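Colleague: Predicted model, plus sequence, below.
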Amino acid sequence: MRIIHLFADLCNLYGDYGNVCGLKRALENKGQNVEIEYQSIDDEIDVSGADFVFIGSATERNQKVALNYLQSYKDNIKAALDNGTVILATGNSFEMFGQSVTDCDGIKHEGLSFFPYETIEGKERIVTDSLCDTSLCGGDIIGFVNKASLTTGVTSPLFDVKQGSGNGKDDNKEGVHYGNFYGTHLIGPVLIRNPQLCEYFADMLIKKQ
């Protein structure tokens, strides 16, 4: 099983590297051999052939650095998604895969444009714990949210919010789920705090083999 951790140095707030550690342990407990590969700035980004790709949460500045760097590799990433690679993006990293991210100064940064949503950053931060529900696995999903953005145009959300913050203002839908792509603002890290969700990804990856 091949896992690629993108931008572990740039996009790694609130211990989000723990998502990779937790998934690796879950897969190994199920008899899988797991290889973790790290790719970042100045590397040739190549996720072809990967079973799972993870990108964690970043500062607003580092998000733009990562987004700019990924523009040259969007065809490689899209091909991997189309070929079955699973991508999990936590925190504000999933915003990069939408149409655009407009920063708090009003500057619009073109997204990778894989999916229809767009994000606008504001001056005020949203800091809260969230409680969500999902059809992916049993039990409630919990996580910490610390963002300065609102995301609109999500046609396929990941979670239903029972308490806390959704994608947009007064929105009870959180995250995105398009095929093999999963994105959530929940950090903390989400796969450690929600073992049932970690098991979901591990079982799914094994079935794909």
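Modeller: Perfect, I can see it now.
Colleague: List the residues that contact the residue positioned nearest the centre of the chain.
Modeller: With distances taken as CA atoms, centre = their mean, the residue of the chain nearest its centroid is Ala89 (1.1 Å). Applying CB atoms under 8 Å, 6 or more residues apart in numbering to Ala89 gives the contacts 54-55, 96-97, 181-184. No exception for glycine: its C-beta is placed from N, CA and C like everyone else's.
Colleague: how about the residue in the chain sticking out farthest from the centre, secondary structure?
Modeller: Going by CA atoms, centre = their mean, the residue of the chain most distant from its centre is Gly31, 25.6 Å out. In three-state terms, and counting by DSSP: H, G, I helix; E, B strand; the rest coil, Gly31 is coil.
Colleague: need the contacts of Ala89 in JSON lines with distance to Arg193 and pLDDT, can you?
Modeller: Converted to JSON lines, those look like this (distance: CB to CB, whole Å; pLDDT from 0 to 100):
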{"residue": "Phe54", "distance to Arg193": "15", "pLDDT": "98"}
{"residue": "Ile55", "distance to Arg193": "18", "pLDDT": "98"}
{"residue": "Met96", "distance to Arg193": "23", "pLDDT": "98"}
{"residue": "Phe97", "distance to Arg193": "23", "pLDDT": "98"}
{"residue": "Phe181", "distance to Arg193": "21", "pLDDT": "98"}
{"residue": "Tyr182", "distance to Arg193": "15", "pLDDT": "98"}
{"residue": "Gly183", "distance to Arg193": "17", "pLDDT": "98"}
{"residue": "Thr184", "distance to Arg193": "12", "pLDDT": "98"}
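Colleague: What about these, which are in strands?
Modeller: 54-55, 181-184 (DSSP state E).
Colleague: From the residues you listed, pick the one nearest Cys104.
Modeller: Within those, proximity to Cys104 (CB to CB) peaks at Gly183, which comes in at 20.9 Å.
Colleague: For that closest one, which non-adjacent residue is spatially closest?
Modeller: Spatial nearest neighbour of Gly183, chain neighbours left out: Phe94 (2.5 Å); criterion: CB to CB, 6 or more residues apart in numbering.
Colleague: list the contacts for that neighbour?
Modeller: Each residue near Phe94 by CB under 8 Å, 6+ apart is listed here: 55, 175-176, 183-185.
Colleague: need the residues you listed in CSV with neighbour count, can you?
Modeller: Formatted as CSV, the contacts of Phe94 follow (neighbours: other CB atoms under 10 Å):
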residue, neighbour count
Ile55, 29
Gly175, 26
Val176, 27
Gly183, 30
Thr184, 28
His185, 31
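Colleague: what residues are up against the closest residue to Ile120 other than its chain neighbours?
Modeller: Using CB to CB, 6+ apart and skipping the chain neighbours, the partner closest in space to Ile120 is Thr102 (4.6 Å). By CB under 8 Å, 6+ apart, the contact set of Thr102 is 108-109, 118-121.
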